[in-house]
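Asker: With the input below, show me the fold.
(chains A and B)
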Amino acid sequence: MREKILVVDDDREIVRAIALLLEAEGYQVLKAYDGMEALDLAVDPDLRLILMDVMMPRLDGLSAVLRIRERRNLPILILSAKSEDTDKVLGLSMGADDYVAKPFHPQELMARVKSQLRRYTRLGDVNAAQTSGYVTGRLRYDPDSRVLTADGEPVRLTATETGIVDLLMRNLGRIFPAEEIYRRVWGDESGYASENTVMVHIRRIREKIELEPKEPEYLKVVWGIGYKMEKK
Amino acid sequence: MATKWKKSKAALGFLSFALGVSLVLSCALPLISRFSSQEGRQRLKGLLSEDFQQTASFRNYLSDLMNDLISMGAGGPLDSYYGYYGAAYDEMLWEGDAITAVAEDSGWEWGLSENGAPSETDRKLWKRQAEAYHKAIQEDKNILYQVEQGGKTLYSNSDFDLSVSLPDGYGFWLLFDGTKCTAYKDGQETDLYGDGVYKDDGEHWYLPGYRNFPAGNDAAQVEVALAVADVPALYLRGDYTVSGVKRQNNQLYWLEGNWQQEKVQFRRSCALLVLGAALLAVCLVLRKDKARADRAVAGVTGHLWFELKLLLALAAIVFFLFPFNEEMRHLLSEAAYVYTEGGSYWEPWFLSSYWSQVVSRPALLLIAFWVLYLFINDLRYGDKPWRHGLCGMLAARSLKLSIQKRLSRRAGLAAAILILLALALLTLAVLILSINQELALVIALPALLLTFLGVWAVAGRSQRRLWQDLGLLTDQISAIKAGDLSAAPLIPESSDLYVPSRELAQIGQGMEQAVAEQTRSERMKVELITNVSHDLKTPLTSIISYAELLKQEHLDPPAGEYVEVLSQKAERLRAMVLDVFEVSKAASGDLPVKLEPLDLSKLLRQTLADMSQAIDDAPVTLRESLPETPVPVKADGDRLYRVFQNLLQNALQYALEGSRVYLTLEVEDGKAIASVKNTSKTELPDGVDFTARFVRGDESRTDGGSGLGLAIAQSFTAACGGELKVEPVADLFVVTVTFPLSDEEPTLPS
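Answerer: Residues are numbered from 1 along each chain as shown, chains lettered A, B, ... in the order given. Presented below is the predicted three-dimensional model:
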């Protein structure tokens, strides 16, 4: 059965474009053009995900999210032309699961939708296994099997990449200078030319785990200090 | 160095003037006043001669002594100064008018005098006088004498027969033979009478034997011989414990001593005079420098009240004129006589003869001179000196604000009242004091004290009020400075400071309005930008999405290529919109930054590593020179990364193909200086601010960046507390980013 997604935006052309893109990926799309319509359609029990614009007539997106959250537990993505950090935080605190700033890349939007759906549909078994391993947002690392999963899907990593992931996932939020990563993963004490080498691997890991490698959410550079895995 | 020399030259000029004038005044004027009279000239002559026995004082003393001795020999009275007052003072009996003087120059012929023949009582008295005198001076062996009458020795203080020869150590010999005197000095006879006519000019010996001063009949039987010691010695000492002072005895010794002393003083005075003249000559050479010093002195004296200076100057003028101008003195004394009730008049103290003596003293002369000099100097070089003073305070013309005038007038009035009161009370006190001292103590002094206290209390109250108001005004200023712009005036309306306080409050309110206005306009600006960017973003979202959808249609060429172009341009538009948004926010100071200690060297290395792909792909070589040691600065890491990312991108994009791009980081004077240099592909235009928004080196360029890269880099650097400068040199494009070094090392939060 095709998964049902509700797209809400007061701009009909955008709703249509997103709908077309989603349908091309094989989803079934419901369309709404303001918050009130969104509330009416959100009662559909088969609904799996909502894409919600913020600034809309009648009822704005954030209020709609609040109202829907009272009844439904399903992933909601905020689409907004406001890209300020405060707006992002506000949206997430209202109960949204993710935030996509306009104008977005269609590929990025699709990746986020897929990621949310995977997490949502696998919520049951993910919940059961949550007690073991290190978890941050969509990422989970099992130190025993040395396997990293993103949205429940195993990520294929090289040995060196696994070494870096192992170090950073075990110490979520802690900043490691390149020299230390190099020393602990490569086992090389000289630390020479570590910055470039480490950065190359960091970039490769990002491409495998981040939805938008150019604006990473998890594997971050702390400029002037080192690298860290964001704790979410 | 030059100014130091100039200063010391001015000081030298003034110092030589001050010393020179002081020396000349203190030496020359006393010398002139002392030696200007006839007697003074004689004294000067005496001082110039090497031999005491050539001096007028020696002549006068010896003449008087000889006259007395002749008189003693003739049984007459002692009428010389020394004989009459000096020797007889201690022991003779005073008998009123019994001692009568004889007319001078009349000789010893009492029987012919107008008083008639002397009585027996007179003769006895004269005899006792003579004996007393002989007793008083006989021990003074500086002068040996021998008085004979008719070949019989009456008085002598020597065993030696002086009429024949002299003992050793006595070189001067004066003889009287009954009609004339003869003098021998060291065996040589000296001329005593000159042309034989006596003149009271100090040059002549006052001895009988002149045509107009004969010895007279009573002295005809008298013979006197005197021997004077070469070196006078002290034979008699005053016995202060018994009966008064034997002051006139041992006269020669003291006269000679005084002469010696005066000679030394005279020489010293002359030497000082010459020195003073020399100093004045130096001052003449340095007169321009001295004028500078005069100006400086006028600056100092300018602080004094003009009235005080005027008073002092007038006093000095009066002092100056007194001793030298008899007419002036007379005029003033006429004008100044104060007639009292009894009809007798009281001479002002400053006209007394005592005072004219005092004025002729060098110290007072000097004081008067300097007072006048400073006064004239003040008038000449001072900046309107009459403005500063009591009258100036009362007029308060130079002051602009009404409050200044008011305060100045009040202070002037208080001072004037105080001075007048003090003067009135002082006069009262003097008057009472001269009448009855006890009454003065009882009435005048307490009255003086009470008045002072009263004035003090009244003046003090208004002062205290002013101080309090000043404190309140200061509080108001502090409140406004602390941010309370609407601080109300605290000072009551009756105060002098009410107007400034009210105006200050108005300034505060004006500022408050301005701040509110500015805040509002800033907010509006940011809102406007936010709205515009939102309005741009929504259609852009559609464009990008539909371009993507078109791409998925896999259209046949050339439509497919067109779609590709559309997609690319849409992407660039998106980047630009985001950049505009950020740079606007940064420019309005609305950019949130999180300043943390970080290692700038490491940040640059990370940036290079992050951009390694772009660097490898660019047709240029990157040369880096980064220190191995940490370069700690305080900045927002994410923003600073954007700064260098933009700078490097810029350099890679606009650098000449095959050339080198240099990235360096240096520490200098507590600053971290990073620079990016590249050789431009195209000629760099002159006079262009590259950090301005939408400016590019090549105006015609249509591909590539938004033109916001440098603007973003600059605003971000500024927001982090650094400084970004673009300094193109010919084709070399140089950007330097400077940050102050932080003393905090970057920490690794766990």
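
Asker: nearest spatial neighbour of residue B:615, skipping sequence neighbours?
Answerer: In space, residue B:615 comes closest to residue B:622 once its chain neighbours are excluded; the distance is 5.2 Å by Cβ to Cβ, 6 or more residues apart in numbering or on different chains. Quick note: C-beta positions are derived from backbone N, CA and C, even for glycine.

Asker: What are the contacting residues of the helix or strand where the one you found lies?
Answerer: Take DSSP states H and E as the rule and residue B:622 turns out to sit in strand B:621-625. With contact meaning Cβ atoms under 8 Å, 6 or more residues apart in numbering or on different chains, strand B:621-625 is reached by B:604, B:608, B:615, B:648, B:652, B:659-665.

Asker: Show me the residues you listed that map onto helices.
Answerer: Filtering the contacts of strand B:621-625 for membership in helices, criterion DSSP state H, returns B:604, B:608, B:615, B:648, B:652.

Asker: Give me the most central residue, chain A.
Answerer: Computing the C-alpha centroid of chain A and ranking residues by Cα atoms, centre = their mean puts residue A:112 first, at 5.8 Å.

Asker: So which bits of whichever strand or helix holds it are buried?
Answerer: Residue A:112 is part of helix A:106-121 when elements are defined by DSSP H and E. For helix A:106-121, the buried set under the neighbour-count rule, 16 or more other Cβ atoms under 10 Å in any protein chain shown, comprises A:106, A:109-110, A:112-121.

Asker: what about that helix, average pLDDT?
Answerer: For helix A:106-121, the mean per-residue pLDDT is 85.

Asker: Please compute how far that helix lies from its chain's middle.
Answerer: For helix A:106-121, the distance from its own C-alpha centre to the chain's C-alpha centre is 8 Å (Cα atoms, centre = their mean, to the nearest Å).

Asker: do stretch A:216-223 as well
Answerer: For stretch A:216-223 - counting by Cα atoms, centre = their mean - the centre lies 14 Å from the chain centre.

Asker: Is chain B within reach of that stretch?
Answerer: Yes: counting by Cβ under 8 Å from any Cβ of the partner chain, contacts between stretch A:216-223 and chain B involve A:221-223.

Asker: Quick check: next helix or strand after the helix or strand bottoming out on mean pLDDT in chain A?
Answerer: Across the helices and strands of chain A, mean confidence by mean pLDDT, DSSP states H and E is lowest for helix A:123-129: a mean of 49. As assigned by DSSP H and E, the chain's next helix or strand after helix A:123-129 is strand A:134-136.

Asker: Determine the set of other helices and strands touching that next one.
Answerer: If you count contacts as 3 or more Cβ pairs under 8 Å, 6 or more residues apart in numbering or on different chains; DSSP states H and E, strand A:134-136 packs onto strand A:139-142, helix A:159-170.

Asker: So which of the ones you listed is the most surrounded?
Answerer: Sort the helices and strands packed on strand A:134-136 by mean neighbour count, taking mean count of other Cβ atoms under 10 Å in any protein chain shown, and strand A:139-142 sits at the top with a mean of 21.

Asker: contacting residues around that one?
Answerer: Contact partners of strand A:139-142, identified using Cβ under 8 Å, 6+ apart, comprise A:126, A:132-135, A:147-150, A:152, A:165-166, A:169-170, A:209, A:218, A:229.

Asker: tell me the mean pLDDT for it?
Answerer: Mean per-residue pLDDT for strand A:139-142: 87.

Asker: Could you give the number of residues near residue 71?
Answerer: Assuming you mean chain A. 9 (other Cβ atoms under 10 Å in any protein chain shown).

Asker: hmm, I had chain B in mind actually
Answerer: By other Cβ under 10 Å, 25 other residues sit near residue B:71.

Asker: and the host helix or strand of it, how far from the chain's centre?
Answerer: Applying DSSP H and E as the criterion places residue B:71 in helix B:56-74. The offset between the C-alpha centroid of helix B:56-74 and the centroid of the whole chain comes to 60 Å, using Cα atoms, centre = their mean.

Asker: and chain A, which residues reach chain B?
Answerer: Taking Cβ under 8 Å from any Cβ as the criterion, the neighbours of chain B within chain A are A:11, A:13-14, A:17-18, A:20-21, A:24, A:55, A:81-83, A:85, A:102-107, A:171, A:173-178, A:195-196, A:198-200, A:203, A:221-226.

Asker: Tell me which of those fall in strands.
Answerer: If you go by DSSP state E, those have A:221-222, A:226 in strands.

Asker: returning to that earlier point: of the buried residues of helix A:106-121, just say which sits nearest to residue B:191.
Answerer: Checking those against residue B:191 with Cβ to Cβ, the nearest one is residue A:112 at 146.5 Å.

Asker: that older thread, as TSV, the buried residues of helix A:106-121 with distance to residue B:70 would be great.
Answerer: As requested, the buried residues of helix A:106-121 are arranged in TSV below (distance: Cβ to Cβ, whole Å):
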residue	distance to residue B:70
A:106	155
A:109	153
A:110	157
A:112	152
A:113	157
A:114	158
A:115	154
A:116	155
A:117	160
A:118	159
A:119	155
A:120	159
A:121	163
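
Asker: Looking at those residues, which one is closest to residue B:414?
Answerer: Of all these, residue A:112 has the smallest distance to residue B:414: 86.3 Å, by Cβ to Cβ.

Asker: Next up, the contacts around the closest one.
Answerer: By Cβ under 8 Å, 6+ apart, the residues touching residue A:112 are A:77, A:98, A:100, A:211.

Asker: okay, the first one: pLDDT?
Answerer: Spelled out, it's residue A:77. The pLDDT attached to residue A:77 in the predicted structure is 90.

Asker: Apart from its neighbours in sequence, what residue is nearest residue B:554?
Answerer: Beyond its immediate neighbours in the sequence, the residue positioned closest to residue B:554 (Cβ to Cβ, 6+ apart) is residue B:560, lying 7.0 Å away.

Asker: in the helix or strand the one you found falls within, what's buried?
Answerer: When elements are defined using DSSP H and E, residue B:560 is found to belong to helix B:559-587. Residues of helix B:559-587 classed as buried by neighbour count (16+ other Cβ under 10 Å): B:563, B:566-567, B:570-571, B:573-574, B:576-587.

Asker: show me which of the residues you listed neighbour chain A.
Answerer: Among the buried residues of helix B:559-587, the residues lying close to chain A (Cβ under 8 Å from any Cβ) are B:574, B:577-578, B:581.

Asker: Using a markdown table, please lay out those together with distance to residue B:287 and pLDDT.
Answerer: Shown next, in a markdown table, are these (distance: Cβ to Cβ, whole Å; pLDDT from 0 to 100):
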| residue | distance to residue B:287 | pLDDT |
| --- | --- | --- |
| B:574 | 85 | 84 |
| B:577 | 81 | 81 |
| B:578 | 79 | 79 |
| B:581 | 76 | 77 |
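
Asker: ok, so of the residues you listed, who is nearest residue B:379?
Answerer: Closest to residue B:379, out of all of those and judged by Cβ to Cβ, is residue B:581, at 73.9 Å.
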